[in-house]
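**Q** Need a 3D model of the sequence below.
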Amino acid sequence: MAAGGDEELDISAVMGFGSFGSSKASSSKKAKTFDLDSMLAETRKTAKERFGTYEPEQSVSDRPVMLPAKRPHGPERPPVDTESAKNTEKKDGGDDDDNEEDYSDESEEEEEEADANDRLPVSSQVELKHGAKIISAVALDPSGARLVTGSYDYDIQLWDFNAMDSSLRSFRTKTPWEGYQVNAVAYSMTGDMFSVATTSAQAKVYDRNAGEVLETIKGNFYLHDTAHTKGHIACVNTTCWHPRQRETFLTGSDDGTVRFWDVNGEGKKHSQVVKVRQSQARRLPVMSVLCSSDGKHLVAGCQDGSLQLYPLGGPYVRPSQIRKDAHTSNFVSSILLKADGHSLLSRGGDDAVRLWDIRALRGKPVAERKGLVTLQPMMNMALSPSEKTLGVPVAAATRGAGGSMCFLDSSTLEERERHDMPSESSPVCCLWHPKLNQIVVGCDKGNVPIMYDSKMSMRGVTASLAKRKKGAEIGGAVSLSPAAMPIITPHALPLFREERYQSARKRENKQRQDPAASHRPELPMHGHGKGGRIAGSSSLASYVGQNIAKRVLDNSDPRESILRHAEEAKNDPYWVSPAYAKTQPKPIFQKDEEEEEKE
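**A** Residues are numbered from 1 along each chain as shown. You can find the predicted model right below:
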């Protein structure tokens, strides 16, 4: 017990407490108090003993620089010379000049950046080849990595700029509906899906690799009110995605409705339907649909040239604003809404582009530009990343001439520049990606030119042009990567021996000798037939016609051929004569002319 008590006293002396939770010790324990004044005094005394004090002289006119009377921390400073102080002032003045120069440099850089923003990315151009028919739709995902092109040849093609080399070939081709032209393509806000609108009444949704995700249902043709059908009953002209709901997309159709679809609903029925207001008792086709980026407005452009605005959150009973004569008696092919939320741009079949203020939509347009030839109902327009410039595809006025891309000021619609299209083709649709700063144009000859600037444009098609063609022939030999180079093993067993590398000409000659690889037609057979084929004929029908059903040429008189059997039929009647034996009169035949003359 004594030893345990000694250990407890030693621990308490070292650790600074009296006991380990005993009630007696806790009752006698008191809080420790601190005297701050005494602690500060001891600190000052220790500093004086360690560093001493500094007493300044009474006459200080001879000293160039005054030092503080007391320095409680650190050693004393040496006196500073006047010349060094002057040099320091000069240096400080030089720093001010440098700051002014830096400020001027920054202002120049800002001016250069402003000029770069106003400059158009059209210094360079590369062309993709989709097919031979009109490119009616182009779409880029938000990251700018994948491009989708749709055409009148019923196909959509996918292009991956990160995986594509300088050969500029698409990696996948898909046919949404056989025999139906593609009208519009749109990527979702996240870029993981895209919707396709065709001349069919059913739209489709695909993932990034063109795997089918959704197919909308077809409505009932026999219902008069299109708002009561589960889906569209006419051609789907346009499509777009909701800016705030990543799994909701919209479609506009010739049946006069705009329908909301939920990807999770598997396309069995629309989630919302907007029936556009009709001027007469007939269906008003919807040619273009747009959702504002702030999620407040839904704008529909119709075939009669009217613009109709609805609140995106509903209700959709009637439009909040409507402009009936936005484009006189012509379709509205494209609509754009700027980031300020009230500037609306529209393009119509009357060859005009107009700027509207949706706060006063019934008034006159803010600006107008005419003479922009619009031949196709899917001819659209695109805003630059800064929204200061508007790119408008202009079709050729005469047959055989080429179209052009016209760039307008988005605020005044004054023309800035105009660039002709290659190969005498006319542009139909375009897009201007905000991140890549590249312009993609779809033309009427199946080509897709991409305009860019080597200094302003980032990634996109420029990444593909920097890559070497895979398997490109250089100097008569095929350039292969080290991983694809053949390994020659001359002493390997025949089972494991690989064919040695051959030139292109040798490979072609070997393929020509192979009937399967060269697709050689079947040669005529001689002798006995085999494999379902008959010798001497190319098919069973020709064999039957040549051997079994032979054609016999007979020049005999058909009357004599029949009368040849008259005596036999008379002596041994079997078919017809017994049935008419009692009622049939005696036949009297016409006599020959020779017999009549003898009589």
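
**Q** where along the stretch 451-599 of the chain do the strands fall?
**A** Using DSSP state E, counting those that start in this stretch, the strands of the stretch 451-599 of the chain run over 473-474, 477-478.

**Q** Likewise for the stretch 151-300 of the chain?
**A** Taking DSSP E, counting those that start in this stretch as the criterion, the stretch 151-300 of the chain carries its strands at 156-160, 172-174, 182-187, 193-198, 204-207, 212-215, 236-241, 248-253, 257-262, 272-275, 286-291, 297-302.

**Q** Quick one: closest of these to Arg359.
**A** strand 297-302 (11.4 Å; C-beta to C-beta). (C-beta placed from N, C-alpha, C; glycine too.)

**Q** and that closest one, what does it pack onto?
**A** strand 286-291, strand 307-311, strand 332-337, strand 343-348 (3 or more C-beta pairs under 8 Å, 6 or more residues apart in numbering; DSSP states H and E).

**Q** among those strands, which is nearest Thr257?
**A** Closest among the helices and strands packed on strand 297-302, using C-beta to C-beta: strand 286-291, at 7.1 Å.

**Q** packing partners for that closest one?
**A** Against strand 286-291 (3+ C-beta pairs under 8 Å, 6+ apart) you get strand 236-241, strand 248-253, strand 257-262, strand 297-302, strand 332-337.

**Q** starting at the chain centroid, how far to stretch 318-334?
**A** 28 Å (C-alpha atoms, centre = their mean, to the nearest Å).

**Q** where in the stretch 451-599 of the chain is pLDDT low?
**A** 471-486, 498-502, 531-540, 543, 546, 548-553, 594-599 (pLDDT under 70).

**Q** on that earlier part again, adding mean neighbour count as columns, could you present the helices and strands packed on strand 297-302 in JSON lines?
**A** Shown next, in JSON lines, are the helices and strands packed on strand 297-302 (neighbours: other C-beta atoms under 10 Å):
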{"stretch": "strand 286-291", "mean neighbour count": "24"}
{"stretch": "strand 307-311", "mean neighbour count": "21"}
{"stretch": "strand 332-337", "mean neighbour count": "24"}
{"stretch": "strand 343-348", "mean neighbour count": "24"}
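
**Q** any chance of the ones you listed in a markdown table, with distance to Arg323 too?
**A** Shown next, in a markdown table, are the helices and strands packed on strand 297-302 (distance: least, C-beta to C-beta, whole Å):
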| stretch | distance to Arg323 |
| --- | --- |
| strand 286-291 | 14 |
| strand 307-311 | 5 |
| strand 332-337 | 10 |
| strand 343-348 | 9 |
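
**Q** Any idea which of those gets closest to Lys324?
**A** Per C-beta to C-beta, nearest to Lys324 of the helices and strands packed on strand 297-302: strand 307-311, 8.4 Å.

**Q** what is the mean pLDDT for the closest one?
**A** Mean per-residue pLDDT for strand 307-311: 92.

**Q** now that strand and strand 343-348, what's the angle there?
**A** 140 degrees (axes from the mean of the first three to the mean of the last three C-alpha atoms, to 10 degrees).

**Q** Lys530: how many residues sit nearby?
**A** 9 (other C-beta atoms under 10 Å).

**Q** Okay, and the beta partners of it?
**A** Arg533 (DSSP bridges).

**Q** Show me where the protein has its helices.
**A** Shown for the chain, the helices assigned by DSSP state H span residues 2-15, 23-28, 36-51, 82-118, 461-465, 504-513, 515-518, 540-543, 558-563, 566-571, 593-598.

**Q** who touches the fifth one?
**A** Spelled out, it's helix 461-465. Helix 461-465 has contacts (C-beta atoms under 8 Å, 6 or more residues apart in numbering) with Val126, Phe161, Asn162, Met164, Asp165, Ser166, Leu168, Gln438, Ile450, Tyr452, Ser454.

**Q** Just give the nearest non-adjacent residue to the last one, would you?
**A** Beyond its immediate neighbours in the sequence, the residue positioned closest to Ser454 (C-beta to C-beta, 6 or more residues apart in numbering) is Ser124, lying 6.0 Å away.

**Q** and what of Pro385?
**A** Per C-beta to C-beta, 6+ apart, closest to Pro385 is Pro434, 4.1 Å.

**Q** Mind pulling the model confidence for the one you found?
**A** pLDDT, read off for Pro434, is 91.

**Q** Next: the one 3 residues further on.
**A** On the pLDDT scale, Asn437 is placed at 92.

**Q** residue contacts, it?
**A** Neighbouring residues of Asn437 by C-beta under 8 Å, 6+ apart: Pro121, Pro385, Tyr452, Asp453, Met456, Ser457, Met458.

**Q** Isn't the third one up against Gly460?
**A** Yes. Between Tyr452 and Gly460 a contact is recorded at 6.8 Å, counting by C-beta atoms under 8 Å.

**Q** okay, and for the chain, where does confidence drop off?
**A** In the chain (pLDDT under 70), the answer is 1-32, 51-117, 281, 471-486, 498-502, 531-540, 543, 546, 548-553, 594-599.

**Q** at 50 instead, please
**A** Within the chain, the stretches with pLDDT under 50 are 1-4, 22-27, 54, 56-82, 84-86, 88-91, 472-479.

**Q** Quick one: end-to-end distance for stretch 420-431.
**A** End-to-end distance of stretch 420-431 (C-alpha to C-alpha, to the nearest Å): 17 Å.

**Q** Show me what counts as buried in it.
**A** By neighbour count on 16 or more other C-beta atoms under 10 Å, the buried set for stretch 420-431 is Met421, Ser425, Ser426, Pro427, Val428, Cys429, Cys430, Leu431.

**Q** Next, give phi and psi for the second one.
**A** This points to Ser425. phi -100, psi 160 (degrees, to the nearest 10).

**Q** Turn the buried residues of stretch 420-431 into a markdown table, columns for distance to Asp141.
**A** A markdown table is the format used below for the buried residues of stretch 420-431 (distance: C-beta to C-beta, whole Å):
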| residue | distance to Asp141 |
| --- | --- |
| Met421 | 25 |
| Ser425 | 25 |
| Ser426 | 27 |
| Pro427 | 22 |
| Val428 | 21 |
| Cys429 | 17 |
| Cys430 | 17 |
| Leu431 | 11 |
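
**Q** Just those residues: which are in strands?
**A** Among these, DSSP state E puts Pro427, Val428, Cys429, Cys430, Leu431 in strands.

**Q** one step back: looking at the buried residues of stretch 420-431, which one is closest to Ser518?
**A** For the buried residues of stretch 420-431, the nearest to Ser518 is Ser425 (36.7 Å; C-beta to C-beta).
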